[in-house]
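Visitor: Below are the sequence and a predicted model for it; my questions follow.
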Amino acid sequence: MAPANRRDVFEQFVMTVSAVAELTPHMRRITFHAPEFGSYAVTGPDEYFGLLMAEDRELVMPPDDRINVRTSLRNMPEDVRPDLRWYTVRAHRPKAGEIDVDFVVHGDAGPGTRWARRAEVGSTAGFRAGGSAYRPVGDTVLLAADETALPALAAILEAGQRSVHVFVEVPDESFQVPLPGEVRWVFRGEQPPGTAVLAAIQEAAPSSVDYAWACGESGLATGVRRHLTKDRGVDRKAIMFSGYWRVGAARE
């Protein structure tokens with residue numbers, strides 16, 4: 001897989017919700033404030049972080065070992081252990097000590113979406129620094145995403161670093177959001193995730209691809225990668241792919 005952007009220090013702290021906005025019927029923007037965001041720095045446009053949440057009880061942060069947050073969580077008593085899910089830093093404003101995070105909300109499918117639907121100004125959550133994956137090379141870049149990867153995709157496009165070919169699969173028109181540049185939207189309907197976007201890529205993607213970023217449902221990410229490597233001869237080390245969720249499992 002293509003190399004990701006790494007960080008040496010994994011900050012961990014408590015943050016407070018300072019604003020909530022409904023962007024679409026399916027996407028909610030939550031603004032978090034913490035003094036630590038003043039010195040925090042992202043490693044790339046699709047920066048991700050660990051959101052630590054506690055439902056109906058006080059948030060207890062895991063030991064700050066700066067190495068492996070999952071190990072720290074496993075070692076905590078179950079009755080105080082927070083849930084951990086990973087999200088994109090949609091925007092970072094160091095002077096204000098704030099970040100924006102866009103949540104795709106879909107019922108109560110998992111702890112992340114449950115927390116996001118109920119969050120209000122004054123709610124608290126934990127922040128665990130992560131990293132970023134987008135590290136393009138060459139002149140021809142292909143981006144493929146579904147609704148769960150829209151925040152990361154939007155941040156990548158706003159960075160405006162290269163001419164890109166963008167393909168987005170969503171359930172229907174109500175999931176569309178404004179994105180800069182030319183975007184090919186396809187609608188999933190009743191098809192398995194990844195089917196519609198793969199067909200669009202097979203039809204309209206450039207014959208030569210220097211770098212690809214494919215994120216969303218697991219089948220979408222792996223299907224796009226398989227097509228690019230087997231059918232177009234793209235180097236595996238030039239493809240960044242990540243399954244944000246999987247059909248049949250709770251979305252994060």
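Guide: Right, received. Where do you want to start?
Visitor: And the helices in the protein, which stretches?
Guide: Here the chain has its helices, by DSSP state H, at 69-74, 111-118, 150-159, 195-204, 218-231.
Visitor: Highest mean neighbour count out of the ones you listed?
Guide: Using mean count of other Cβ atoms under 10 Å, the stretch among the helices of the chain with the greatest mean number of neighbours is helix 150-159 (a mean of 22). (C-beta placed from N, C-alpha, C; glycine too.)
Visitor: which residues are contacting stretch 181-189?
Guide: Contacts to stretch 181-189, defined as Cβ atoms under 8 Å, 6 or more residues apart in numbering, come from residues 146, 157, 164, 166-173, 176, 195-197, 199-200, 204.
Visitor: can you put the helices of the chain in TSV and add distance to residue 25?
Guide: Listed next are these as TSV, based on distance: least, Cβ to Cβ, whole Å:
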stretch	distance to residue 25
helix 69-74	32
helix 111-118	12
helix 150-159	14
helix 195-204	21
helix 218-231	22
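Visitor: could those helices be laid out in JSON lines, adding mean pLDDT and distance to residue 100?
Guide: Shown next, in JSON lines, are these (pLDDT from 0 to 100; distance: least, Cβ to Cβ, whole Å):
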{"stretch": "helix 69-74", "mean pLDDT": "90", "distance to residue 100": "22"}
{"stretch": "helix 111-118", "mean pLDDT": "93", "distance to residue 100": "13"}
{"stretch": "helix 150-159", "mean pLDDT": "95", "distance to residue 100": "9"}
{"stretch": "helix 195-204", "mean pLDDT": "96", "distance to residue 100": "26"}
{"stretch": "helix 218-231", "mean pLDDT": "96", "distance to residue 100": "24"}
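Visitor: To residue 102, which of the ones you listed lies closest?
Guide: helix 150-159 (4.0 Å; Cβ to Cβ).
Visitor: and that closest one, how far from the chain's centre?
Guide: 10 Å (Cα atoms, centre = their mean, to the nearest Å).
Visitor: Domains in this protein, by residue range?
Guide: 12-131, 141-245 (automatic domain parsing).
Visitor: Quick one: end-to-end length of the last one, please.
Guide: I take that to be domain 141-245. Using Cα to Cα, to the nearest Å, the end-to-end distance of domain 141-245 comes to 23 Å.
Visitor: Give me the helix or strand of this structure that scores worst on average pLDDT.
Guide: helix 69-74 (a mean of 90; mean pLDDT, DSSP states H and E).
Visitor: Show residues contacting it.
Guide: Contacts of helix 69-74 (Cβ under 8 Å, 6+ apart): 10, 12, 50, 62-65, 81-82, 84, 128.
Visitor: Just the buried ones out of the residues you listed, please.
Guide: For the contacts of helix 69-74, a burial check counting by 16 or more other Cβ atoms under 10 Å picks out 10, 12, 50, 62, 81-82, 84, 128.
Visitor: Next, format the residues you listed as CSV and append distance to residue 40 and pLDDT.
Guide: Converted to CSV, the buried ones among the contacts of helix 69-74 look like this (distance: Cβ to Cβ, whole Å; pLDDT from 0 to 100):
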residue, distance to residue 40, pLDDT
10, 11, 90
12, 11, 94
50, 13, 96
62, 19, 92
81, 25, 95
82, 20, 96
84, 18, 95
128, 12, 96
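Visitor: returning to that earlier point: which one of the helices of the chain lies nearest to residue 33?
Guide: Here helix 111-118 is closest among the helices of the chain (Cβ to Cβ), at 16.4 Å.
Visitor: list the helices and strands the closest one packs on?
Guide: strand 27-33, strand 48-53, strand 83-88, strand 98-104 (3 or more Cβ pairs under 8 Å, 6 or more residues apart in numbering; DSSP states H and E).
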